[in-house]
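>>> just the structure for this:
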Amino acid sequence: VQLQASGGGLVQAGGSLRLSCAASGRTFSSYTLGWFRQAPWKERELVSAINWSGSDTYYADSAKGRFAISRDNAKNTVYLQMNSLKPEDTAVYYCAASLGLPESMVGYVSWGQGTQVTVSS
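As a prediction, this is how the structure comes out:
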């Protein structure tokens, strides 16, 4: 599966953004989809993930209560709604596909290009 992320941008603290990740390939609905982020000088972090049906999700502590992941298998797209953004959310965000469970950080087999999210204070 090939992935294409979009929706990043510059937003003020407290604002919102919705990231989208469009996939090509007929097996999209078989995959767990995850959103990772990586800020300069920091390790890559799994922010959120959703299983193939949308019935199981994972959120990092930093994302709980502010971010919401969803997917539309008919459109081969996964979304990350990010609210109450903070400067520390600034990073390049990547979508990725896995055959594992949402809470697992390993097993991601396909990655999209990143989209930059910058939150100003």
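
>>> and the spatially most central residue of the chain, bridged to which residues?
Geometric centre of the chain, nearest residue: residue 35, 2.3 Å, by Cα atoms, centre = their mean. Legend: beta-bridge partners of residue 35 under DSSP bridges are residue 48, residue 95.

>>> quick one: what helix or strand has residue 3 in it?
Element membership for residue 3 (DSSP states H and E) is strand 2-6.

>>> name every strand pairing with the strand or helix carrying residue 11 and say which way it goes.
Using DSSP H and E, residue 11 maps to strand 9-12. The pairing partners recorded for strand 9-12 under DSSP bridges are strand 115-120 (parallel).

>>> still on that earlier bit, ok and the strand holding residue 3 relative to strand 115-120, angle-wise?
20 degrees (axes from the mean of the first three to the mean of the last three Cα atoms, to 10 degrees).

>>> which elements pack onto the lowest-mean-pLDDT helix or strand in the chain?
Least confident helix or strand, the chain: strand 108-111 with a mean of 92, by mean pLDDT, DSSP states H and E. Packed against strand 108-111 by the contact rule (3 or more Cβ pairs under 8 Å, 6 or more residues apart in numbering; DSSP states H and E) you find strand 2-6, strand 91-98. Backbone N, C-alpha and C define where each C-beta goes, glycine included.

>>> which outside residues touch the longest one?
Going back to what we said before, that points to strand 91-98. 1, 3, 5, 8, 19, 21, 23, 28, 31-39, 42, 44-45, 47, 49, 78, 80, 104, 106-117 (Cβ atoms under 8 Å, 6 or more residues apart in numbering).

>>> could you turn the buried ones of those into a PyMOL selection?
Burial among those is assessed by 16 or more other Cβ atoms under 10 Å; the matching PyMOL selection reads:
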select buried, resi 1+3+5+8+19+21+23+28+31+32+33+34+35+36+37+47+49+78+80+108+112+114+115+117
